[in-house]
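1. Need a 3D model of the sequence below.
(2 chains)
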Number of protein chains: 2
Amino acid sequence: MSVSPPILPSILHGGRLDLARAHFPQAPEPWIDLSTGVSPYPYPFPPLAPEVFTRLPDVAALAGLERIAAAAYRAGPGAQVVAGAGTQAFIQSLPRLHWLPRSRPATRVSVLGLTYEEHAAAWRAAGAEVARVETLEEIAAAEIGVVVNPNNPDGRLEPAACLAETARAMAAKGGLLIVDEAFADFLPAEASLAPHAGEDGLVLLRSFGKAYGLPGVRLGFALCGAALAEPLRATLGPWSVSGPALAIGAAALADAPWLAGRGVALAQEAVRLDGLLAAAGFEIISGTSLFRLVRHAAADRWFAHLARRGILTRRFGERPDRLRFGLPAAPAAWERLERALESAQNDL
Amino acid sequence: MSVSPPILPSILHGGRLDLARAHFPQAPEPWIDLSTGVSPYPYPFPPLAPEVFTRLPDVAALAGLERIAAAAYRAGPGAQVVAGAGTQAFIQSLPRLHWLPRSRPATRVSVLGLTYEEHAAAWRAAGAEVARVETLEEIAAAEIGVVVNPNNPDGRLEPAACLAETARAMAAKGGLLIVDEAFADFLPAEASLAPHAGEDGLVLLRSFGKAYGLPGVRLGFALCGAALAEPLRATLGPWSVSGPALAIGAAALADAPWLAGRGVALAQEAVRLDGLLAAAGFEIISGTSLFRLVRHAAADRWFAHLARRGILTRRFGERPDRLRFGLPAAPAAWERLERALESAQNDL
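-> Presented below is the predicted three-dimensional model:
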C-alpha cells in the first residue's frame, strides 16, 4: 500500500485538521481530532454579557481574574499572577524581556528532553543558543532552563522539590528556570511548583485552554516574583487578554468542583484508551490524563490507517515510532476509534 | 467648590469607569462612558459556533480573515496583512523585532505631535530615545517615525501622498515609518495609506475594535511588506488571535454596507455633539467621527461636573484646558449629556 505524504510543517502542532483533510480527502466527516492534548470536555461557561465584547477589557476584571487564578493554582504568597493570551504569549515574551542582557550576543538556554518545541524556537529566534539536555543537573548549569512538567508528549514528571532546588541553584547565579505546567491541572496539587512561585529565578506557566477544553479563548498565566512580573506585564502591554477570556476564565477557574469531577472522568478514560491501544498492539509509554504516548514499529502506517478513517493523531518527526492520542469525547467517537483500531489487520 | 482628585495614571487611557466610580461614588448609574474613541454601535455579529472556543484558532481561518481584511482596507498588491490581538499587540511588538539593531544601545524614534501615548512608551521601554516632533520633515530625519493618522486626540490628518513620500525617504536610509490608522475607518478611502502598504519602510496599523464597537474582542492588523511581516508574525507567535476574534472579525470586515451606514450616522452625530458642546461654551478644536476634542478654560471643572452626573470624558494631563468627548449611543444618554451640559451654570 502507498503511504500518504507526511504532514510535517517546521514545528509540528496538533489540531491541523485543515492539513489532514487536504492529505486524506476521502476520510469520513466529521474528523475526530485526537492530535491535541486539549480536553474534549469544554467548561460550560455562562452566556457572555455584551460588555465583554463592546468595552475594552476591564482593568479591575483582569486583576480579579488574576486573584482567582492565584487561588485556583495555589500560588505561593510571594507570587504575582500575570494573565496573558495563552501560555504561548509568555513563551514568546520571555526571551524578549528588557532585563535580559543585550550586551551578550547569545544566551545559553537548556531545555529538558524532547518536549513542546515552541520554547526552543522562541529562544532561538531571540538569538539564544539552545541545547536539549537530559538531566536537571544540566538544566541547573544553564543561564536559562526550560522544563515542561508534566512533559508533553511523554508525561515525564520531575518532583516539585527537585525543580525548586534547581531554581534556587540557578537563581544564585542570576539564572532563570521556566517550568511549563500546561498539563498539570489534573495532577495532585503536590506535583505543582505553584507554592514556590514568587521565589527568585523561577517562572511557572499555566495553560487555561487545555484542561478547560477552551483553547480558542486564548488564556494562560505566568506565576513569578515581582522582579519578573513587572517586565512581563510591560512586554504584554495593556488589554492583552480579551473580554471573553476574562469572563470565561474567571467563571471556570473559580469552579474547583467541576475541574475535580473532570479529572476523575478523564483519568478513567485514559485507562480505557490505554486498554484499546494495548489491545491493538501499541506499547504504552506514558502520558497524562489528556493524552497518551505509544510506540509501534509501524506507527507511520497506523497514522495513515487512522487518518483514512477520519481520526487524526499526533506524530513526531524525530521519533517516527511514536504516536500521541488525545481522548475521544462522545460515545460515537470512542466507537469509531475502537472499530478503526480493530480493523487494521489487512491495512498495516 | 472642591474639585475631585485627578484621575492620572502614568498613561492616561479612556474607559476607566472603575477609577471614575471610585472618585465619584455619588454619580448616578449607569455611567455614560464618553472617555474612549470607540463607536457606540457594536457590529451585530452572528452567534458564535462552539468550535470558536473549543478548538485552537484555525490556521486557515486566520489566513481567511487576513484576506478579508486586505480587501476591506484596500491594501496594496505587495502588502501582507498580519492579524494580531489588537493594534496594541503591534505597538508592543514593533520595538522588539529581531531585525532591529541590537548592537546600538538606542534607536532614535520621532513621534508626530501630542498623540496616543503607547507608541512612545513601547519604544522607550525597549531602550529607544523618543522625541516628539511637529513636522513630517522631522519624522523623515529619524530612524523610526510614528504618525497617528488621523491623529488622536485632535483629528489632524496628514495627506496620504505626503506620508508615502516620507516613508520613501526613510526607506532610502533604512528607516521605518509607522502609520497608525486606528481612526481611519470612517474617512474616505483616499485618506488611507493602505494602497502603499507593502512599500519598503512603511508599516500601517489598523484597529478593528474602535469602528466596529468591539474593543473587547482584541483584533488589529499590520499592513506591510514581507520583510517586516515575517518577523512580526514570528514575534506574535502562533494562535495570537482568539477564536472569537477570528469569527467576529471575518463577519464584520466583509460587511462593507454596515460600515458605510455607520459612517454616515456617526458623522451626523458628531455634528450634533459639536452643537451641544459649542452651546455650552466649549471651543471645538477638531476630532473624528468617533470623538471630538474641545477647549475650555474650566475644562477640569467641566470634567468633574460631568463626572458627578455619571458622564466620563477624557482629559489630558499635559493639556488641562482640553477634553475629549466620545459619542453617546442611546437617546437616554444624549438626553443626560444635554441636561448635564445645560445645568453647569452654578457648578462651574
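
2. now A:Gly174: how far from A:Val133?
-> Here the distance between A:Gly174 and A:Val133 works out to 19 Å (CB to CB, to the nearest Å). In short, each C-beta sits where N, CA and C put it, glycine included.

3. Looking at these two, which one has more neighbours?
-> In this view A:Gly174 and A:Val133 are compared by other CB atoms under 10 Å in any protein chain shown, and A:Val133 has more residues nearby, 17 against 10.

4. Could you find the closest non-adjacent residue to that one?
-> Spatial nearest neighbour of A:Val133, excluding adjacent residues (CB to CB, 6 or more residues apart in numbering or on different chains): A:Ser110 at 4.6 Å.

5. Assign that neighbour to helix, strand or coil.
-> Secondary structure, DSSP: H, G, I helix; E, B strand; the rest coil: A:Ser110 is strand.

6. in the sheet, who's paired with it?
-> A:Ala131, A:Gly145 (DSSP bridges).

7. Please spell out which residues along whichever helix in chain A runs longest are buried.
-> Longest helix in chain A by number of residues (criterion: DSSP state H): helix A:256-279. Buried residues in helix A:256-279, counted by 16 or more other CB atoms under 10 Å in any protein chain shown: A:259, A:262-263, A:266, A:269-270, A:273-274, A:276-277.

8. Relative to A:Leu34, which of those is nearest.
-> A:Leu273 (9.0 Å; CB to CB).

9. The closest one: what's it in contact with?
-> A:292, A:325, A:327-328 (CB atoms under 8 Å, 6 or more residues apart in numbering or on different chains).

10. likewise A:Pro46?
-> A:Ala251 are the contacts of A:Pro46 under CB under 8 Å, 6+ apart.

11. all helices of the stretch 51-200 of chain A, in order?
-> For the stretch 51-200 of chain A, applying DSSP state H, counting those that start in this stretch gives helices covering A:51-54, A:59-73, A:87-93, A:118-125, A:136-140, A:160-172.

12. typo on my end, the stretch 201-348 of chain A
-> Using DSSP H, counting those that start in this stretch, the helices of the stretch 201-348 of chain A run over A:226-236, A:243-253, A:256-279, A:299-308, A:331-342.

13. Let me know which of these is the nearest to B:Glu335.
-> helix A:243-253 (27.9 Å).

14. any idea of the mean pLDDT in that closest one?
-> Averaged over helix A:243-253, pLDDT sits at 98.

15. ok, now stretch A:82-90?
-> The average pLDDT within stretch A:82-90 is 98.

16. Start and end of that stretch, how far apart?
-> Stretch A:82-90 has an end-to-end distance of 10 Å (criterion: CA to CA, to the nearest Å).

17. what's around A:Ala169, how many residues?
-> Around A:Ala169 sit 18 other residues, with neighbours defined as other CB under 10 Å.

18. I'd assumed A:Ala140 was in contact with it.
-> Yes: using CB atoms under 8 Å, A:Ala169 makes contact with A:Ala140 at a distance of 4.6 Å.

19. and the direction of the longest helix of chain A versus that of helix A:59-73, what angle?
-> 60 degrees (axes from the mean of the first three to the mean of the last three CA atoms, to 10 degrees).

20. what's the angle between helix A:256-279 and helix A:299-308?
-> Using the same axes, to 10 degrees: helix A:256-279 against helix A:299-308 is 120 degrees.

21. so where does the nearest residue to A:Ala60 once chain neighbours are set aside fall, helix or strand?
-> Computed as CB to CB, 6+ apart, the closest residue to A:Ala60 that is not its neighbour in sequence is B:Asp18, at 4.3 Å. Counting by DSSP states H and E, the element that carries B:Asp18 is helix B:17-23.

22. need the next SSE after that helix, C-terminal direction.
-> Following helix B:17-23 in sequence, per DSSP H and E, is strand B:32-33.

23. Can you tell me which helices and strands that following strand packs against?
-> Identification of packing neighbours for strand B:32-33 by 3 or more CB pairs under 8 Å, 6 or more residues apart in numbering or on different chains; DSSP states H and E yields strand B:311-312, helix B:331-342.

24. And for A:Ala234, the neighbour number?
-> 17.

25. Distance of it relative to B:Ala126?
-> Taking CB to CB, one finds A:Ala234 at 10 Å from B:Ala126.

26. Contact residues of the stretch 201-348 of chain A facing chain B?
-> A:209, A:213-218, A:234-245, A:248 (CB under 8 Å from any CB of the partner chain).

27. just for chain A, where's the confidence low?
-> Scanning chain A for pLDDT under 70 picks out the ranges A:1-12, A:98-106, A:346.

28. tell me the SS of the closest residue in space to A:Ala265 that isn't next to it in sequence?
-> Spatially, and ignoring its direct neighbours in sequence, A:Ala265 is nearest to A:Tyr41 (7.4 Å; CB to CB, 6+ apart). For A:Tyr41, the assignment made with three-state DSSP gives coil.

29. ok so, going back, pick the most deeply packed of the helices and strands packed on strand B:32-33.
-> Each of these was scored by mean neighbour count; the highest is strand B:311-312, a mean of 26, by mean count of other CB atoms under 10 Å in any protein chain shown.

30. picking up where we left off before, tell me the most buried of the helices of the stretch 51-200 of chain A?
-> The most buried one of the helices of the stretch 51-200 of chain A (mean count of other CB under 10 Å) is helix A:87-93, showing a mean of 26.

31. contacting residues around that one?
-> So helix A:87-93 is in contact with A:82, A:84, A:118-119, A:122, A:180, A:182, A:203, A:205-207, A:218, A:220, A:222, A:232, A:235-236, A:240, B:235-240, going by CB under 8 Å, 6+ apart.

32. quick one: the closest residue to A:Gln26 other than its chain neighbours from A:Ala72, how far?
-> Closest residue to A:Gln26 apart from its sequence neighbours, by CB to CB, 6+ apart: A:Arg308 at 6.8 Å. For A:Arg308, the distance to A:Ala72 equals 41 Å [CB to CB].

33. ok, back up a step: what's the local residue count around the residue nearest to A:Ala60?
-> Counted with other CB under 10 Å, B:Asp18 comes out at 13.

34. need the residues of the stretch 51-200 of chain A near chain B, please.
-> A:51-60, A:85-86, A:88-89, A:91-92, A:96, A:98, A:102, A:118, A:122, A:125-127.
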